[in-house]
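S.K.: Predicted model follows, preceded by the sequence.
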Amino acid sequence: MYKRTHTCGELKRENIGDTIYLNGWVNTVRLHGQVVFVDLRDRYGKTQIVFNADSFSGDFEAVKKLSMEDVLSIKGQVQSRAESAINPKMETGEIEIVVGEYIMLNEASPLPFVISDRENAEENLRLKYRYLELRMEELQRNMLIRHETYQATRSYLSGEKFVEIETPMLMKSTPEGARDYLVPSRIHHGKFYALPQSPQIYKQILMISGYDRYFQIVKCFRDEDLRADRQPEFTQIDMELSFIDEEDIFSIIEGLTKHIFSQVRGIELLEPFERLTWAVAMETYGSDKPDLRYGLELKDVKEFTDASDFNAFKSAKRVKAIVVEGGAKYSRKNIDQFTDYVKKYKAKGLAWMKGEDGVLIGGISKFFSDELHQSIRSSLNVKDGDIIFMIGDKESVTLNALGQLRIEIAKKESLAKTDEYRPVWITEFPMFEYDEEANRYIAMHHPFTAPRNEDISMLDTDPSHTLSRGYDLTMNGYEIAGGSIRIHDQKIQEKVFSLLGLSREEAIEKFGFLVEALTYGAPPHGGIALGFDRLVMLLAGTENIRDVIAFPKTTSATSLMDESPNNVSIVQLDELGIKIKDIEK
């Protein structure tokens with residue numbers, strides 16, 4: 001192998017006449033009689049190299065047999081391309097290398113798919129040969145964005161006096177949240193570690209230990225049902241601060257997010273970031289992670305449906321509507337598809353009316369008087385050519401189903417600008433959700449989230465309406481960060497545990513070291529964790545989190561490349577005192 005003097009992305013016109021050495025992969029081969037053109041590629045770019053039978057001293061017949069992804073080491077001279085052959089799309093498009101000598105470092109086998117086009121192979125095949133897919137320009141760009149995001153994060157937080165501290169990967173299994181991934185102990189038979197769903201307890205302990213600004217870029221693990229923007233193992237930018245309130249958190253995170261977007265993508269986010277309470281976000285957008293790049297706001301129309309002859313909505317707790325500009329173009333087939341879509345979110349159906357000639361027509365319009373037609377058009381600003389979609393049901397179904405329809409229509413109509421980024425804080429989440437199956441409250445965020453100061457007394461009188469000091473940062477329909485001001489008072493923490501169905505004994509058993517630590521001078525503190533993978537996903541402009549993780553799992557939590565999870569030997573199981581039990585499914 002020749003020691004390379006340059007990469008495949010840096011040679012320019014000023015290098016003409018230089019003798020250079022390049023190493024890389026064959027990207028393309030073009031045969032032109034006694035001349036062979038090859039684009040040689042590495043992660044820095046591509047350079048055209050030329051084998052000319054008249055000047056090449058080696059085996060020219062072997063050159064003709066070069067194939068894609070062969071690994072070459074070449075020696076040659078830089079020359080200018082003919083004016084007609086200049087390629088403005090390549091950084092090195094003004095020059096080419098006339099090859100004097102080359103070494104075949106590795107001859108590639110026939111490829112399972114074409115490296116230059118991700119669309120020519122199914123994702124499962126690409127994941128099986130992930131090491132090949134990672135050679136693609138799009139994936140290499142994504143990995144570089146990820147790398148730059150790491151660096152931007154560390155430089156910013158270090159400048160803000162944060163201390164980077166690692167927390168354990170093997171910890172005690174705790175309740176709440178998703179299922180833990182369990183790790184059996186060989187030394188302590190019958191006992192298990194858990195992989196952390198987040199370093200929540202440890203970072204609170206660090207605050208009690210006096211480290212007032214902690215951060216960590218950390219792996220977390222959750223055994224949960226997956227989707228395109230989730231993975232069983234994922235990365236967080238984890239933070240915790242002492243002697244602060246929400247405004248301090250917002251300031252730090254807005255500064256960090258702006259720094260990352262500016263450094264990595266050259267995008268300047270507007271400040272301050274917008275804010276919505278959880279209640280307003282749900283009422284207006286049907287989501288606690290609303291995409292603000294387009295309108296389609298949910299409107300309350302219960303007063304109109306109650307005044308109509310449409311009885312199906314009379315008993316509905318809530319009736320909400322969205323108005324789609326130009327939506328009158330939708331055929332009955334389109335509307336039926338939307339109806340089937342909202343049924344996936346437990347809506348019983350989808351009512352509609354279209355604006356035409358100053359009135360409302362079609363759908364349920366016949367149940368409304370002319371006066372109601374005019375009132376609805378005026379109140380909702382319905383124009384001719386628009387369509388109104390309505391859902392009536394209990395509150396949670398109405399808001400969620402119509403909010404999901406809002407997103408679906410926005411995708412169909414391409415309403416969101418791909419180069420626009422709209423961060424928004426969601427605040428004042430409810431402290432608790434009521435789990436009817438378990439017949440108890442569960443924490444909306446986690447059991448260490450503090451209630452608003454003015455709501456503390458409601459923990460005794462009306463916990464279902466208690467609001468928390470939790471907050472999420474969302475952007476373009478994705479939650480990219482979540483956190484809260486924590487409970488630092490032992491008595492309030494014990495009260496919250498009791499509302500979650502944990503007795504004092506159970507709380508001590510599950511969280512004993514934190515419960516005890518709170519009695520030894522815990523400072524007021526709070527924190528947040530940014531979903532690193534989702535953040536990089538937004539920066540890279542993709543909607544699939546697997547595109548920004550080097551070696552991701554599938555939606556069934558498997559790795560097709562290394563075939564994990566997989567069986568282990570009986571010897572290994574015996575050492576752990578584990579026997580596999582057949583479970584009928």
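M.R.: Nice, I can see it. Numbering: from 1, shown residues only.
S.K.: Now do the buried residues in the helix ranked longest in the chain.
M.R.: Taking DSSP state H as the criterion, the chain has its longest helix at helix 137-159. If you call a residue buried by 16 or more other Cβ atoms under 10 Å, then helix 137-159 has these buried ones: Leu139, Asn142, Met143, Ile145, Arg146, Glu148, Thr149, Tyr150, Ala152, Thr153, Tyr156, Leu157. Any C-beta I mention is one placed from the backbone N, CA and C, and that applies to glycine too.
S.K.: Surely the second one and Asp547 touch.
M.R.: Think Asn142. Yes. Look at Asn142 against Asp547 with Cβ atoms under 8 Å: they come within range, at 5.7 Å.
S.K.: low-scoring stretches of the protein, by residue?
M.R.: Across the chain, the ranges flagged by pLDDT under 70 are 175-177, 226-229, 512, 584-585.
S.K.: Who are the packing partners of the longest helix of the chain?
M.R.: The contact analysis (3 or more Cβ pairs under 8 Å, 6 or more residues apart in numbering; DSSP states H and E) places helix 137-159 against strand 163-164, strand 213-221, helix 246-265, helix 532-540.
S.K.: Try it again at 7 Å.
M.R.: When contacts are defined as 3 or more Cβ pairs under 7 Å, 6 or more residues apart in numbering; DSSP states H and E, helix 137-159 sits against strand 213-221, helix 246-265, helix 532-540.
S.K.: Tell me the bridge partners for the residue lying closest to Tyr211 once chain neighbours are set aside.
M.R.: Spatially, and ignoring its direct neighbours in sequence, Tyr211 is nearest to Val163 (5.7 Å; Cβ to Cβ, 6 or more residues apart in numbering). Applying DSSP bridges to Val163 gives these bridge partners: Tyr214.
S.K.: For Arg440, what are phi and psi?
M.R.: When read as degrees, to the nearest 10, the backbone of Arg440 gives phi -160, psi 170.
S.K.: gap between the residue nearest to Tyr211 and Gly255?
M.R.: Distance check for Val163 against Gly255: by Cβ to Cβ, to the nearest Å, it reads 18 Å.
S.K.: now do Phe432
M.R.: From Phe432 to Gly255 the distance is 32 Å (Cβ to Cβ).
S.K.: Compare neighbour counts for these two and give me the winner.
M.R.: Phe432 (24 against 15; other Cβ atoms under 10 Å).
S.K.: Report the secondary structure state of the nearest residue to the more buried one once chain neighbours are set aside.
M.R.: Ranked by Cβ to Cβ, 6+ apart and with sequence neighbours excluded, the top spatial neighbour of Phe432 is Tyr441, at 4.0 Å. Here Tyr441 is recorded as strand under DSSP: H, G, I helix; E, B strand; the rest coil.
S.K.: So what pairs up with Tyr441 in the strands?
M.R.: Going by DSSP bridges, Tyr441 is paired in beta bridges with Tyr434.
S.K.: That one is in contact with Leu502, isn't it?
M.R.: No. Tyr441 is not in contact with Leu502 according to Cβ atoms under 7 Å; the separation is 10.7 Å.
S.K.: can you give me phi and psi for Phe429?
M.R.: The phi and psi torsions at Phe429 (degrees, to the nearest 10) take the values phi -70, psi 150.
S.K.: next one: the one 3 residues further on
M.R.: Here is the backbone geometry of Phe432 (degrees, to the nearest 10): phi -130, psi 150.
S.K.: Can you tell me how far it is from Lys495?
M.R.: As defined by Cβ to Cβ, Phe432 lies at a distance of 12 Å from Lys495.
S.K.: now Ile145
M.R.: Taking Cβ to Cβ, one finds Ile145 at 45 Å from Lys495.
S.K.: Tell me which strands the lengthiest strand in the chain pairs with, and in which orientation.
M.R.: Taking DSSP state E as the criterion, the chain has its longest strand at strand 19-32. Sheet pairing for strand 19-32, assigned by DSSP bridges, gives strand 35-42 (antiparallel), strand 71-80 (antiparallel).
S.K.: Distance to Leu298 and mean neighbour count for these - can I get that in CSV?
M.R.: Formatted as CSV, the strands paired with strand 19-32 follow (distance: least, Cβ to Cβ, whole Å; neighbours: other Cβ atoms under 10 Å):
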stretch, distance to Leu298, mean neighbour count
strand 35-42, 50, 21
strand 71-80, 57, 18
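S.K.: neighbours around Ser242, how many?
M.R.: 20.
S.K.: same deal with the one 5 residues further on?
M.R.: The local packing count at Glu247 equals 8, with neighbours defined by other Cβ under 10 Å.
S.K.: go on, the one 10 residues further on?
M.R.: In terms of burial, Thr257 registers 22 neighbours under the definition other Cβ under 10 Å.
S.K.: Thought Pro423 was touching it, still the case?
M.R.: Yes. Counting by Cβ under 7 Å, Pro423 is a contact partner of Thr257 at 6.5 Å.
S.K.: who touches both of those two?
M.R.: By Cβ atoms under 7 Å, 6 or more residues apart in numbering, Thr257 and Pro423 have these common neighbours: Leu269.
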